[in-house]
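Novice: the following block contains a protein sequence and its predicted model.
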Amino acid sequence: MWLNHLTLRNFRNYTDLEIYFPDAINLIVGNNAQGKTNLLEAIYFVSTAKSHRTHSNRELIHYDSDWFYLKAGIGALSANLSLEDKVQFPVANWQQQVVRECFPVGNELIIEASHEVEGQKQFRLNGDLLPKLSEWVGQFRVVLFSPESLILVKGAPGDRRRFLDQLICQINPLYLSQLQRYQSSLRQRNELLKQIRNHRQSVDLLEPWDELLVEDGILITKVRTQMLDLLHQSAKNHHAQLTQSTEVLNLRYCPSLQEVETTDNSEKEVAVNHFRQRLQKSRSTDLIYGNTSVGPHRDEFKLFIQEPDSNSIQREVKLYGSQGQQRTTSLALKLGEVELIHSQTGNVPVVLLDDVLSELDDIRSQLLFALFQDFGAQLFITATREEEWVAHLPTNFNQHYRLITIDNGQIVA
Ligand SMILES: Nc1ncnc2c1ncn2[C@@H]1O[C@H](COP(=O)(O)OP(=O)(O)OP(=O)(O)O)[C@@H](O)[C@H]1O
Ligand SMILES: [Mg+2]
């Protein structure tokens, strides 16, 4: 995928900016608090309909405004296009005309997102208003790596679950509808549990909600089982490259229900019965707490590293890993995310690297080479100074990059 251009109006500290990105590598530099992360946040929002650093859309609106608007032009470059083809794009000229030559208007996907203080978020695809978020997510695929990505390793089970769900949504937009339906049934079941506890409803009313949870819960568990298997293979390979095979990374899915691996009907029936029984068994405790204690909303996946000797002990990275090991693990997961989106959709995602240059001294070259040579991704990288980037480039890395200098929400060079 290729982000051709982006317009930001009243988004964070950008009042009005329109910028074209004909280049593969975009190095965004500027002093602290000038708007580097804000620009990446806008790209991330266009892809995922949310910010990577706040749940409050209000914060995204410029202080002096009560709405924001974003517009992006996306070119679906074929993943098979060679890197040489990509870097031939004009480098110094940012004129609209030049971009149009590279990406004929008809081939461009225009996506727009807007939000008013009092209203809902609105999304348009090539001018058409999209009523459902699931129609939006997955159109423009982006992978973000920032210091906060460490939360994948150090954070709570919910953080890893969200990462996995978001990855699946980028690949399979239908999954988002399933997930939303499951979450809605879960909320309503929990509400009902509280009412039953307070003798305001009858316990029989739980049955239909249990059935809805079972139906979507089984599908969610199945998709997660399959995706985690693929992610495991990919992250494990990247981890081996990053550590020169001195360590082995393993991902272990710990589903609340039993894993569902095939579409085989008898296995599905076993899984359905298993979930039903678990819900039955936990009903009395659920009634006490007013909360559903089993189901995919309680899933987790754990990360382990061990020495290459297969008999050596596996240790959970969250508990025993050093800072460096935790960082390498989160990077391996992110590279796995890029690879999976590529292999499952045929599109290489746009990659955003926020503030990671200083963090990744020892493995930076592998990271850059992996992103370029293996995937040929369009990159957006932030740094406070250009030297920070140049000083640590691998010696044989001679790709052209475009420098974008930001000062107080404006592009100054
Ligand atoms: N809603 C908003 N309206 C206007 N300005 C905002 C808004 N939210 C944040 N800002 C401003 O944006 C700036 C921070 O931008 P950003 O996080 O992109 O900085 P940065 O260039 O990435 O800095 P650093 O190098 O420290 O990471 C701050 O000056 C902050 O006051
Ligand atoms: Mg920043």
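Specialist: Thanks, I have it. Numbering: from 1, shown residues only. Ligands and ions are numbered 1, 2, ... in the order given.

Novice: so which strand or helix has residue 387?
Specialist: helix 386-390 (DSSP states H and E).

Novice: mind giving me the packing neighbours of the helix or strand following that helix?
Specialist: Sequence-wise, the next helix or strand downstream of helix 386-390 (DSSP H and E) is strand 402-407. Contacts defined by 3 or more C-beta pairs under 8 Å, 6 or more residues apart in numbering; DSSP states H and E place strand 402-407 against strand 25-29. Just so you know, the C-beta spots here come from the backbone N, C-alpha and C atoms, and that holds for glycine as well.

Novice: pull the residues that contact the very next helix or strand once past the strand it packs on.
Specialist: The C-terminal neighbour of strand 25-29 among helices and strands, as given by DSSP H and E, is helix 36-48. Helix 36-48 has contacts (C-beta atoms under 8 Å, 6 or more residues apart in numbering) with 3, 6, 8, 11-14, 28-30, 50-53, 60, 70, 72, 111, 113, 137, 140-142, 144, 146, 166, 170, 350, 352, 354-355, 380, 382, 406, 409.

Novice: in ChimeraX, how would I select the buried members of these?
Specialist: The ChimeraX command for the buried members of the contacts of helix 36-48 (criterion: 16 or more other C-beta atoms under 10 Å) is given here:
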select :3,6,8,11,12,13,14,28,29,30,50,51,52,60,70,72,111,113,137,140,141,142,144,146,166,170,350,352,354,355,380,382,406,409
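
Novice: please name the nearest non-neighbouring residue to residue 385.
Specialist: residue 29 (6.1 Å; C-beta to C-beta, 6 or more residues apart in numbering).

Novice: isn't that neighbour right next to residue 381, touching?
Specialist: No - proximity of residue 29 to residue 381 does not meet the contact threshold set by C-beta atoms under 8 Å, at 9.2 Å.

Novice: shared neighbours of those two, anything?
Specialist: Counting by C-beta under 8 Å, 6+ apart, the residues touching both residue 29 and residue 381 are residue 389.

Novice: contacting ligand 1 as well, which ones from the contacts of helix 36-48?
Specialist: Taking C-beta under 6 Å from any ligand atom as the test, ligand 1 is in contact with 12, 13, 30, 355 out of the contacts of helix 36-48.

Novice: circling back: in strands only, show me the contacts of helix 36-48.
Specialist: Using DSSP state E, 3, 6, 8, 11, 14, 28-29, 70, 72, 111, 113, 142, 144, 350, 352, 380, 382, 406 are the members of the contacts of helix 36-48 that sit in strands.

Novice: still on that earlier bit, mind picking the lowest-pLDDT entry from the ones next to ligand 1 among the contacts of helix 36-48?
Specialist: Among the ones next to ligand 1 among the contacts of helix 36-48, residue 355 carries the lowest pLDDT, at 88.
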